[in-house]
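K.L.:
3D, please:
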Amino acid sequence: MQFLPQTTLFEIEEGDKLRPKFNEHDLIPCITQDHASGEVLMLGWMNPEALAKTIETGLAHYYSRSRQKLWKKGEQSGLFQHVISLIIDDDQDAVLIKVKVDGGASCHVGYRSCFFRQLARPTADTDFSLIFLEAQKTFDPVKAYGLAASSLPSKSTRVAS
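P.N.:
Sure, this is the predicted structure:
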């Protein structure tokens, strides 16, 4: 799939054609949101191939910057993200996908959302403490990915039973 080129400012900002603007690393940020609740599940990156495969298959694909390769969300864990809608921002340099997730989780460490902690005191006198927003993990990442327990965060015992 070949995307249309970025052309005039009017066509990019107010036109009726998808003309994604990838950054200097050929990536575009993608916010992933639960289609029913509106909860933000994760932030990932897509290269042109990942965006094209997402559109073609209806399953979320991303580009892993750490592994430097394309990956289909759920290919190891079974927690596939089915795309309900794909939304582009005004200057077409960010994507928002609304998804239905098999298994209900999107975070590779086992939580429903990758955004499972918040700063306890977001003020100048913060001690940088984080509060967990999810009481339990949705799945056990050791079982899903075959990872060594030492490679997981220290809260790995919070797995739902």
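K.L.:
Not counting its neighbours along the chain, what's nearest Ala43?
P.N.:
You called it Ala, but residue 43 is Leu. Of all residues not flanking Leu43 in the chain, Ile31 sits nearest, at 5.7 Å (CB to CB, 6 or more residues apart in numbering). C-betas here are computed from N, CA, C, even on glycine.
K.L.:
The one you found: what secondary structure?
P.N.:
Classification of Ile31 by DSSP: H, G, I helix; E, B strand; the rest coil places it in strand.
K.L.:
For this structure, give me the ranges with low pLDDT.
P.N.:
147-161 (pLDDT under 70).
K.L.:
What residues of the longest helix seen in it count as buried?
P.N.:
Secondary structure assigned by DSSP state H gives helix 48-57 as the longest helix of the chain. Going by neighbour count (16 or more other CB atoms under 10 Å), the buried part of helix 48-57 is 48, 50-54.
K.L.:
cool, stretch 120-128 as well?
P.N.:
Result for stretch 120-128 [16+ other CB under 10 Å]: no buried residues.
K.L.:
distance between the ends of that stretch?
P.N.:
End-to-end distance for stretch 120-128: 7 Å, by CA to CA, to the nearest Å.
K.L.:
again with stretch 28-45
P.N.:
6 Å.
K.L.:
now Gly38: how far from Ser113?
P.N.:
11 Å (CB to CB, to the nearest Å).
K.L.:
Comparing those two, which residue is more hemmed in?
P.N.:
Neighbours per residue (other CB atoms under 10 Å) separate Gly38 from Ser113, with Ser113 holding more: 20 against 8.
K.L.:
Quick check: phi and psi at that one.
P.N.:
When read as degrees, to the nearest 10, the backbone of Ser113 gives phi -120, psi 150.
K.L.:
which residue sits closest to it, ignoring its sequence neighbours?
P.N.:
Per CB to CB, 6+ apart, closest to Ser113 is Leu41, 4.9 Å.
K.L.:
looking at it, Cys34 is touching Leu41, isn't it?
P.N.:
For residue 34 the amino acid is Asp, not Cys. Yes - counting by CB atoms under 8 Å, Asp34 does reach Leu41; the two are 5.8 Å apart.
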